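> Task: produce atomic coordinates for the following.
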Amino acid sequence: MRMNWMMPSNWKLRYKIELDQYKSSYNRGDKLDAWKFLERAHLIGQYYPIPHTGTHFRMLLFALREGDLKEIFGQLLRLSFGWLGSWLNRIPVGNTGGANVPVFQPMPIPEDLLDLLSKADQTSKGLSGLNRNT
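Okay, the predicted model is just below:
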């Protein structure tokens, strides 16, 4: 079984860019854009336990600031178990990480992230992750 620990440098860079965009959007009051960038950071970070957990923690903080009870409870659930899926390379590829989508629902990867996430198993209908031969 492939366990994922170290995020490649090009992934780290893109993950950081998405988080920087999140912070900028949130600071200027554009909460819809801010959430979109958190979702994109989740798409990148979900393959690795620490970034995955970090994204869900940020989503929880966002939900707390907004007083969104559904999102708060959804993020608490995801914080409890999401890291384990990343560690075991068993995640719902493309899932945006919010409580508005089912926890185990794979989703299409946005066009502009396909190059970066080309090693993601997009053929599975369930939990998958990075292709084993990568």
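> Helices along this structure, start to end?
Listed from the start of the chain, the chain has helices (DSSP state H) covering 9-27, 31-45, 49-66, 69-87.
> Next, count neighbours for Phe73.
13 (other CB atoms under 10 Å). For the C-beta atoms, the positions are set from N, CA and C on the backbone; glycine is no exception.
> What's the local residue count around the residue nearest to it when sequence neighbours are not counted?
Using CB to CB, 6 or more residues apart in numbering and skipping residues adjacent in sequence, the residue nearest Phe73 is Ala99, 7.1 Å away. Number of residues near Ala99 (other CB under 10 Å) recorded here: 19.
> Repeat that for Leu130.
18.
> Just the pLDDT for the closest residue to it other than its chain neighbours.
Closest residue in space to Leu130, ignoring its immediate chain neighbours: Lys119 at 4.9 Å, by CB to CB, 6+ apart. At Lys119, the model reports a pLDDT of 82.
> what's the spacing between Ser25 and Lys36?
8 Å (CB to CB, to the nearest Å).
> before we move on, the earlier item: the residue nearest to Leu130 and Ser128 touch, don't they?
No: counting by CB atoms under 8 Å, no contact exists between Lys119 and Ser128, whose distance comes to 11.1 Å.
> out of these two, which sits in the more crowded spot?
Neighbours were counted for Lys119 and for Ser128 using other CB under 10 Å; Ser128 has more, 18 against 15.
> I'd like to know how many residues surround the closest residue in space to the more buried one that isn't next to it in sequence.
Using CB to CB, 6+ apart and skipping residues adjacent in sequence, the residue nearest Ser128 is Asp121, 3.8 Å away. Asp121 has 16 neighbouring residues, counting by other CB under 10 Å.
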